[in-house]
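1. sequence and predicted structure, then a few things I'm wondering about:
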Amino acid sequence: MAWGFAVNEVGDAPLLEGIAAESLRRIDDLHLSSSADALQGFCTFVLSVAWSLGFAELLQDQVFDRFRAALRRLGAELDIRSWQLAPSHDAPGNLGPRCGRVGSTAPSLLMRLPGMVTIYKPADWEVDGETTEPGEHLPLSSYVQSAFGRSEFPLVWDAERGYGFLHRLDIPSSGLVLCGVTMEGYYCLR
């Protein structure tokens, strides 16, 4: 509903502020014992309300901070659950060197931060996702998956979540792509 009011520029500030207040109440009442699907659905809800308020220029700093904290908390909980499913490893720690190189014909990890990376995508590589058809271009997910194991980083193997990519670049172009490698990092970037 908030999205509809924001997009159609209805500009009903009291209604959108009421939705923000209700969202904060739901954040306070959230139980992390809910199913993973319910937690991911709640993340989508929070992101949708945040986008709507931002689009309508009604997203106050304190509301933004509460939304961000809730998304990080939910993402961390989802990460813990995914790591518990694969007991043969530890939670990811040091992700290695922070710099790569730009201008090559192969992708590279330019920056590694906890839960997120910046990838250089060369031309002719495809930022793929759930609806990508197999084709003649190399999928960027295959590069990311070669760097991050399935058991430690299940998000980069999850087509439904776009392999953690936050955006796309056209196949003929090169540039930087943001990618969450943990749910906490993914929701922090979104």
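-> Sure, I can see it. Residues are numbered from 1 along each chain as shown.
2. select the longest helix from the chain.
-> Longest helix in the chain, counting residues (DSSP state H): helix 61-85.
3. which residues does G175 bridge with?
-> On the basis of DSSP bridges, G175 is bridged to K121.
4. near it, how many other residues are there?
-> G175 has 14 neighbours, counted by other Cβ atoms under 10 Å. For every residue, glycine as well, the C-beta is placed using N, CA and C.
5. likewise for A21?
-> A count of nearby residues for A21, using other Cβ under 10 Å, gives 11.
6. pLDDT value on it, please?
-> Looking at A21, its pLDDT reads 90.
7. circling back: give me the helices and strands touching the longest helix of the chain, please.
-> helix 13-29, helix 36-55, helix 183-189 (3 or more Cβ pairs under 8 Å, 6 or more residues apart in numbering; DSSP states H and E).
8. got those helices as TSV, with distance to S82 columns?
-> Formatted as TSV, the helices and strands packed on helix 61-85 follow (distance: least, Cβ to Cβ, whole Å):
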stretch	distance to S82
helix 13-29	22
helix 36-55	8
helix 183-189	7
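9. single out the most deeply packed of these.
-> Comparing the helices and strands packed on helix 61-85 by mean neighbour count (mean count of other Cβ atoms under 10 Å), helix 183-189 ranks first with a mean of 23.
10. need the contact partners of it.
-> Contact with helix 183-189 is made by 43, 47, 68, 71-72, 74-76, 78-79, 82, 113-116, 155, 161, 164, 166, 178, 180, as judged by Cβ atoms under 8 Å, 6 or more residues apart in numbering.
11. repeat that for 7 Å
-> 43, 71-72, 74-76, 78-79, 114-116, 155, 164, 166, 178, 180 (Cβ atoms under 7 Å, 6 or more residues apart in numbering).
12. is V156 located within a strand, as I assumed?
-> No. Under the criterion used here (DSSP: H, G, I helix; E, B strand; the rest coil), V156 is helix, not part of a strand.
13. what's near enough to touch it?
-> Shown in contact with V156 (Cβ under 7 Å, 6+ apart): 141, 144-145, 148, 163-164, 181.
14. relative to the whole chain's centre, how far out is the longest helix of the chain?
-> Relative to the centre of its chain, helix 61-85 is centred 11 Å away, using Cα atoms, centre = their mean, to the nearest Å.
15. how far does stretch 22-30 sit from its chain's centre?
-> With Cα atoms, centre = their mean as the basis, stretch 22-30 stands 21 Å off its chain's centre.
16. can I get that stretch in PDB, CA atoms only?
-> Taking C-alpha atoms only, stretch 22-30 is exported to PDB below (Å, rounded to 0.1, in the frame of the first residue of the first chain):
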ATOM      1  CA  GLU A  22       3.200   0.400  12.200                       C
ATOM      2  CA  SER A  23       6.400  -0.900  10.600                       C
ATOM      3  CA  LEU A  24       8.500   0.200  13.600                       C
ATOM      4  CA  ARG A  25       5.900  -1.600  15.900                       C
ATOM      5  CA  ARG A  26       6.300  -4.700  13.800                       C
ATOM      6  CA  ILE A  27      10.000  -4.500  14.000                       C
ATOM      7  CA  ASP A  28       9.800  -4.300  17.900                       C
ATOM      8  CA  ASP A  29       7.400  -7.300  17.900                       C
ATOM      9  CA  LEU A  30       9.500  -9.400  15.500                       C
END
